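K.L.:
I'd like to go over a predicted model; first the sequence, then the structure.
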There are 4 protein chains.
Amino acid sequence: MTSELFSPLFVPDVMREAVSDRAWVQAMLDVEAALAAAQAEAGLIPGEAAAAIATSCSADRFDCAELGRASRGAGNAVVPLVERLSGEVAGDAARYVHWGATSQDVLDTAAMLIARRALALVVTDLDRVAHACAVLAGSHRGTLMAGRSLLQQALPTTFGLKSAGWLVGVVEARRTLVSGSAELAVELGGAAGTLGAFGGDGVAVVGHLARELDLAEPVVPWHTGRSRIAQLGSSLAIASGALAKIAVDIALLSQTEVGEVAEPAEPGRGGSSTMPHKRNPVGATLARACARRVHGLAGVLLAAMEQEHERAAGAWHSEWEPLRDCLALTGGAASWVAEVLEGLEVNPERMRRNLELTGGMLLTERVSMLLAGRIGRLEANRVVKEATARAAGAGRTLRDELVADEVVTRELSAGEVDAALDPGGYLGSADAFVTRALELYRREVKRS
Amino acid sequence: MTSELFSPLFVPDVMREAVSDRAWVQAMLDVEAALAAAQAEAGLIPGEAAAAIATSCSADRFDCAELGRASRGAGNAVVPLVERLSGEVAGDAARYVHWGATSQDVLDTAAMLIARRALALVVTDLDRVAHACAVLAGSHRGTLMAGRSLLQQALPTTFGLKSAGWLVGVVEARRTLVSGSAELAVELGGAAGTLGAFGGDGVAVVGHLARELDLAEPVVPWHTGRSRIAQLGSSLAIASGALAKIAVDIALLSQTEVGEVAEPAEPGRGGSSTMPHKRNPVGATLARACARRVHGLAGVLLAAMEQEHERAAGAWHSEWEPLRDCLALTGGAASWVAEVLEGLEVNPERMRRNLELTGGMLLTERVSMLLAGRIGRLEANRVVKEATARAAGAGRTLRDELVADEVVTRELSAGEVDAALDPGGYLGSADAFVTRALELYRREVKRS
Amino acid sequence: MTSELFSPLFVPDVMREAVSDRAWVQAMLDVEAALAAAQAEAGLIPGEAAAAIATSCSADRFDCAELGRASRGAGNAVVPLVERLSGEVAGDAARYVHWGATSQDVLDTAAMLIARRALALVVTDLDRVAHACAVLAGSHRGTLMAGRSLLQQALPTTFGLKSAGWLVGVVEARRTLVSGSAELAVELGGAAGTLGAFGGDGVAVVGHLARELDLAEPVVPWHTGRSRIAQLGSSLAIASGALAKIAVDIALLSQTEVGEVAEPAEPGRGGSSTMPHKRNPVGATLARACARRVHGLAGVLLAAMEQEHERAAGAWHSEWEPLRDCLALTGGAASWVAEVLEGLEVNPERMRRNLELTGGMLLTERVSMLLAGRIGRLEANRVVKEATARAAGAGRTLRDELVADEVVTRELSAGEVDAALDPGGYLGSADAFVTRALELYRREVKRS
Amino acid sequence: MTSELFSPLFVPDVMREAVSDRAWVQAMLDVEAALAAAQAEAGLIPGEAAAAIATSCSADRFDCAELGRASRGAGNAVVPLVERLSGEVAGDAARYVHWGATSQDVLDTAAMLIARRALALVVTDLDRVAHACAVLAGSHRGTLMAGRSLLQQALPTTFGLKSAGWLVGVVEARRTLVSGSAELAVELGGAAGTLGAFGGDGVAVVGHLARELDLAEPVVPWHTGRSRIAQLGSSLAIASGALAKIAVDIALLSQTEVGEVAEPAEPGRGGSSTMPHKRNPVGATLARACARRVHGLAGVLLAAMEQEHERAAGAWHSEWEPLRDCLALTGGAASWVAEVLEGLEVNPERMRRNLELTGGMLLTERVSMLLAGRIGRLEANRVVKEATARAAGAGRTLRDELVADEVVTRELSAGEVDAALDPGGYLGSADAFVTRALELYRREVKRS
């Protein structure tokens, strides 16, 4: 099956390596070695046995594809791995391999190791995204552009504020992933969650194992208590969603008819085989695709929470590849958005030109508000609405209609009308919001 | 359309009231009143206007269904509500209604008020669930039962540990909901997120509004930064999942052939119209149904994160009813599971009897482990597997086969075999895990 | 709870009525009446009893909300309905109410009746959509506009072809719904799917019932064989998706910077309370919202297929409201898109103007193809790409660069270049595709 | 990344090969070759060019992983494939490679070829499932067992009828897949769906291409009309659901406490590393896992229907791997269920013994019905309910209570009571339903 054809498009190589078959096998072996060490520390097995086991716990000694094929009988890859590992371990120590553990202990704990490493990559790329957003927010505080609601121009805003909104979304998503990473916990319960084989030493071994692997220690085994996995999937889905929000904005701003930003140009990037004039927003496109897939896969992890008794008949098995893919594809989305934002071409002139497309109509709210203070909100809305309609109908500017309107002229001077129609004068708290977003960034991300 | 036929089955009345049409209208009016108060505090509108507006902000004055019908033109219910509210407010103050706000400011903030109230109900029922689990865990520490993996009996455990596992899942879900509740924030940005109409006072008004409504103050407006909503949906979905895990266990343990627990018996409850002998696990059934629906709806909220520009064309609108239903149905699941656990009939004798169904085979792991310490894991597994197969084939008990086995008798005395086959002697850390779960409960839930 | 506040915005009144509580109660009563009639026909109960039951089967006699509340004990609304109906039926006939049926028989068959009526409404609105698409396709065969890929202008197309693509999607979705409607089947199996209470007459009663209700006759009872429900949900989701495709195009074409279409203008429609210049694409927005919700709900129906044994403990219960909402919201999407397309304002001049925004670069493919026939595809691509880059860099038109290019002039005359850059001359099969789509429409929809 | 570690567990090798990277590259090359042939047939390119292109269209010439890495610039793998293919094609013919097509034409059509081959494998395994169900239905027509609702024993049924229900679900799912397979269509539209490059010959080329590849001819290009893909995903999800229904029944019937069936025993299959007594329902477990994953992935395909303009910016890209995985995992579910059913061990004695667990209470419906014919349904229910309660309370059998009950003895003789409590006498239409299911099987599957 492999997926060397499609996956490199979505997921960067370093992430693909972090969640690869080999990485999983090594993580399972890391768990087996740490388990033996923890048991030796608790006095359950000889220290030399643990050392001998550790020596054999290298993925180089095993063939991932062969393990995959051999797993069909037992229902998971740990069973054949333990068999082969026992064969690798010299002499008497072999009998202590996987002592008292169940397959799920090893696979779940390995998943936590994989998740921790992959989350670190995701966070690194989210930091790149956050940094790029912060740079854009700071340098475009004064760059006027149209704010848009329901895809219609609504009011003036700044590209700085738009970037600040992206930034806050990414910082919030990052915060959840970082705190989630700290909750990744070892799994150790044995076949029914009692650690029956360890006599009275089970809890101690769990603690040793957690310290060996630098993972958290759970209150009880979580073989069928899957909030940890579901939360991980949801956090990744939310991070993907925050990235998709940036991506859809980039794609929309890149439209031929809008042209306010463009993804970085490089030879061979975003080009079309037959339409050389195109500058496709490839990064935004692929980030959106990644996010949509994560959303579907996170749903599989949520649905998998209903697990039967002490270990489930199917729901657990449904988690493995979706969890891996949630990690990889969120990393893919983060990486693409980082690349896009770091090289983003911003066109302030086009932003300004688009802002003027409607001949001042974007400031109708401001004129309405100004009038509303004098003649009431509903009456003001009526007057401005009619002037707007007349302007649109006659192809004149809103200013011309306003300064010719009887009610308006009674309340406002021409100078007041002109001032009201200046987009730069109606930015409210845009700048203050940028400052708040940058403070958040400095507090949570930059220092880290 | 209404939904008085189906919804009472899933959602308790108090929750249905908390998310009702009327509750939404009142929440929107609360936002309008608080907005006016915040603006008066900032000196943007007269204090008397704010007072006059507050006076009119009672849902009794408005017809929910009429507002619903009137919303088709504008695309949301805030537009007609503001019109009608302006008509209700006496005199000059009417012009200050909804001053400088956009519909989404009101609807989003109202959603936060609804969410806070509904979350409190969910947490109350989760506390009931947690309490019931804690009672079961404590009182059944020593109640032996079969631990099951892949729906097969695997090893002995206790009903106390099973309850402790449920408890930890619920406490974790509760923790996320409680911390999520603290992050519910006001929304105030005006049409494009700049608060253009408020001049330099926007940030101050946001702060005043947050204090008025006792909600958090966001860093920037979040019209299209929806992690707050997606996280809320995911947290509810995870809570539902933790409840569904309990429900599926109850349903499985209630099976005619298992009979280890039964839902509380009441006249008319869980009965079948034609099969009076049945004790249907109605509560578990409906809790599972609630959870499955929440999982689907949470997916809608995740998918809605990709929102265009300053305010979205569809994704936002897709959130309203799914968010309401996630709240209501998670409440439904919590309420049903609470009711089930509070009156759960536990049958320790049946648990014990089921544990003995396999004639000692459940302790094969223990015998294997015991032998493994002397002859190695793989060899021990082989010996025990063969004895098991002989016992099953001949209809004899495992003990008979073991004490007749050459390898076994070389390594173990008959007394050692008997001790190994005692389920009560192979509970490992079950008791310790119960203690840890109860400590967690006391730390996080009971004191609160 | 009710949902008179939000639902009218999404779902038209006629559909809301078709899936209302009252409609469900009437449908259940229709099933009870038809069941009695079928049993009378089979000689199982007296004909007068069936007649007496039929007389009482009017929803006016029952209180939907009271039934809802009373259903909590039994787990569904059929149990209290049957009790109350038995009370309504005069004399001896009461004993034959619901004879030998199980609650699920009644609720499932009622769901089929609701689905049939609701599907008819959906199809009616899809027909409106199809008709409007056909009109647009026919009347805009020659209306040039930019074809866009990845939101970038790519090549010329016609608004007729775009409309034809919408049309084909709607006709295909309609086809699936119509054939699905014909497969809606009665459910009758009794408590375990055997119709034990009917002796040897069960199959005959199923046949009579199907004819009474004009529904299909299933091969076996389908209490836990839910492909019918899952397929219904999926078909509705696909129809919603086809409508969302139209809606997203409308929303994008309506953008202030594109302005190629506008939703119909009516007083109070699509207006903003504070921004009178806006013409919000409200219909497209709400149709997209409906579709996203249907997609989530259809997932609940898919996940519900895994049902235990003869009747399920939760999955079945999770279907009811999601199925109702899939029907209603697909109807909502169809109704909104119909309204939008029927009054759509199309601006061919703006389409033409946008097409010329890039100064001929949209025809680069054509120039490349023309050159490729003489100098090979890769070389042609290179030449045109460089000319494009030079034009973009120097702010000149592509034509100027091409007629100045050494390779181009060697192969093409200036007249050939000019002809190649005429968008109307590069429409390929656009017209033929429109014709094919209209033929499909006439074949499948118009005649019906 | 690869997925040789996990995927073999879920997906059989022949399916993994059918959807492998290499299979995709070969399918894309098949499309390129067929496109050239179709263009030659239409006289657009020389026949020798088409022949030369065909010669080079072998996947052996290309490195899948290298193509994957090279695709990051252009956004899909077709761009580098066309470049490399052009390099492979000798001489002048190279210029005709990919003539006038767009990347999506090739990838979509290749996906249809992959889907056709994979669907054939799925159908083959569904046929195995159907055959096994038919054998079980036929041979267990008279095998009594408990019918269960809400996981409670409800009424007697037969294992034949249960198998017949599985059979009908599989036949229905198969029907949809087979008819869906016939609708797999070529995609050919060029960059904007007009086939601009083909002048007036576009429609003819589409027809030739469809015949070359033995795929259907679409009415119009379907670059953004994705009902075909969404329907494919939904059909696979429904097939998976029908298989999951079988799997959950198998898992439940295999429970230690039920023991009515067991998955086939083979050395190393379903065993536990530490619990040799276990016969894990591994096949059912993995089939359920496959189905859950397909359900999540089908949701991605549904959500992807909202595609912008002529070619989408992300939604299309989100389809590729989910579509592949829907095919593979449905094949996995089918293969596992086939294997399980073909070797299923059925234990009629245990079925009979479980049926008697409740001491006749399973026949309460029958007694109620019998009494209802004489004293009315509600009164009969009351009498039987009370007798049931007395029996349960006193640990006596239902028969004893009934023959001692005043009302019962007034209406029924002891012989009538005994006859009523015979499960074999209360099977209603079970046998007739089995016959109908087998007829369906013979009509739709066996002959094919």
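P.N.:
Yep, it's here. Note that the coordinates shown come from a computational prediction; the quantities given were computed from them, not determined experimentally.
K.L.:
Please identify the residues of the stretch 251-400 of chain A in proximity to chain D?
P.N.:
Proximity of the stretch 251-400 of chain A to chain D is confined to A:251, A:266, A:268-275, A:280-282, A:284-290, A:292-293, A:295-297, A:299-300, A:303-304, A:313-318, A:320-322, A:324, A:328 under the rule Cβ under 8 Å from any Cβ of the partner chain. Every C-beta, even on glycine, is put in place using the N, C-alpha and C of the backbone.
K.L.:
Tell me which of these fall in helices.
P.N.:
A:251, A:282, A:284-290, A:292-293, A:295-297, A:299-300, A:303, A:320-322, A:324, A:328 (DSSP state H).
K.L.:
ok, which residues in the stretch 51-200 of chain A are in contact with chain C?
P.N.:
A:Ala146, A:Arg148, A:Ser149, A:Leu150, A:Leu151, A:Gln152, A:Gln153, A:Ala154, A:Leu155.
K.L.:
Looking at those residues, state which has the most neighbours.
P.N.:
Among these, A:Ala154 has the most neighbours (other Cβ atoms under 10 Å in any protein chain shown), with 31 neighbours.
K.L.:
Can you pull the phi and psi angles for A:Ser58?
P.N.:
Here is the backbone geometry of A:Ser58 (degrees, to the nearest 10): phi -120, psi 130.
K.L.:
How are the helices of the stretch 101-250 of chain A distributed by residue range?
P.N.:
Remark: helices assigned in the stretch 101-250 of chain A by DSSP state H, counting those that start in this stretch are A:103-139, A:159-182, A:202-213, A:227-253.
K.L.:
Packing partners of the second one?
P.N.:
By that I understand helix A:159-182. Judged by 3 or more Cβ pairs under 8 Å, 6 or more residues apart in numbering or on different chains; DSSP states H and E, the packing partners of helix A:159-182 are helix A:103-139, helix A:227-253, helix A:430-441, helix B:227-253.
K.L.:
Mark which of the residues of the stretch 251-400 of chain A next to chain D are buried, thanks.
P.N.:
Neighbour counting with 16 or more other Cβ atoms under 10 Å in any protein chain shown marks A:251, A:269-275, A:280-282, A:284-290, A:292-293, A:295-297, A:299-300, A:303-304, A:313-318, A:320-322, A:324, A:328 as buried within these.
K.L.:
So which of the residues you listed reach chain B?
P.N.:
Among those, chain B is touched by A:Arg288, A:Arg292, A:His295, A:Gly296, A:Gly299, A:Ala303, A:Ala313 when using Cβ under 8 Å from any Cβ.
K.L.:
Give me the subset of these that also touch chain C.
P.N.:
Checking those against chain C (Cβ under 8 Å from any Cβ), the matches are A:Gly299, A:Ala303.
K.L.:
mind putting the ones next to chain B among the buried ones among the residues of the stretch 251-400 of chain A next to chain D in TSV, pLDDT and distance to D:Pro12 included?
P.N.:
Below are those laid out as TSV (pLDDT from 0 to 100; distance: Cβ to Cβ, whole Å):
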residue	pLDDT	distance to D:Pro12
A:Arg288	98	33
A:Arg292	98	28
A:His295	98	29
A:Gly296	98	24
A:Gly299	98	26
A:Ala303	98	24
A:Ala313	97	20
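K.L.:
Go through the ones next to chain B among the buried ones among the residues of the stretch 251-400 of chain A next to chain D and name the one nearest A:Val82.
P.N.:
Nearest to A:Val82, judged by Cβ to Cβ, of those is A:Ala313 at 21.1 Å.
K.L.:
And the strands in the stretch 301-448 of chain A?
P.N.:
Ranges of strands in the stretch 301-448 of chain A, per DSSP state E, counting those that start in this stretch, are A:345-346.
K.L.:
residue of it with the smallest distance to chain B?
P.N.:
A:Met305 (2.8 Å; Cβ to the nearest Cβ).
K.L.:
In space, what's closest to that residue - neighbours in sequence excluded?
P.N.:
Closest residue in space to A:Met305, ignoring its immediate chain neighbours: B:Gly241 at 2.8 Å, by Cβ to Cβ, 6 or more residues apart in numbering or on different chains.
K.L.:
again, but for A:Asp325
P.N.:
In space, and not counting its chain neighbours, A:Asp325 is closest to A:Leu297: 5.4 Å by Cβ to Cβ, 6+ apart.
K.L.:
swap in A:Ala303?
P.N.:
B:His295 (5.3 Å).
K.L.:
Show the contacting residues for the one you found.
P.N.:
Shown in contact with B:His295 (Cβ atoms under 8 Å, 6 or more residues apart in numbering or on different chains): A:Gly299, A:Leu302, A:Ala303, B:Ala237, B:Ser240, B:Gly241, C:Val300, C:Ala303.
K.L.:
Counting neighbours, what do you get for the residue nearest to A:Val220 when sequence neighbours are not counted?
P.N.:
Leaving aside its sequence neighbours, A:Val220 sits nearest to B:Phe433 (Cβ to Cβ, 6+ apart; 4.4 Å). By other Cβ under 10 Å, the residues close to B:Phe433 number 30.
K.L.:
Name the spans of chain A whose pLDDT lies under the cut-off.
P.N.:
A:1-2, A:267-277, A:447-448 (pLDDT under 70).
K.L.:
Count the neighbours of A:Ser20 for me.
P.N.:
21.
K.L.:
Now it. Its backbone dihedrals?
P.N.:
Per-residue torsions, A:Ser20: phi -70, psi 170 (degrees, to the nearest 10).
K.L.:
so who does A:Gly395 touch?
P.N.:
Contacts of A:Gly395 (Cβ under 8 Å, 6+ apart): none.
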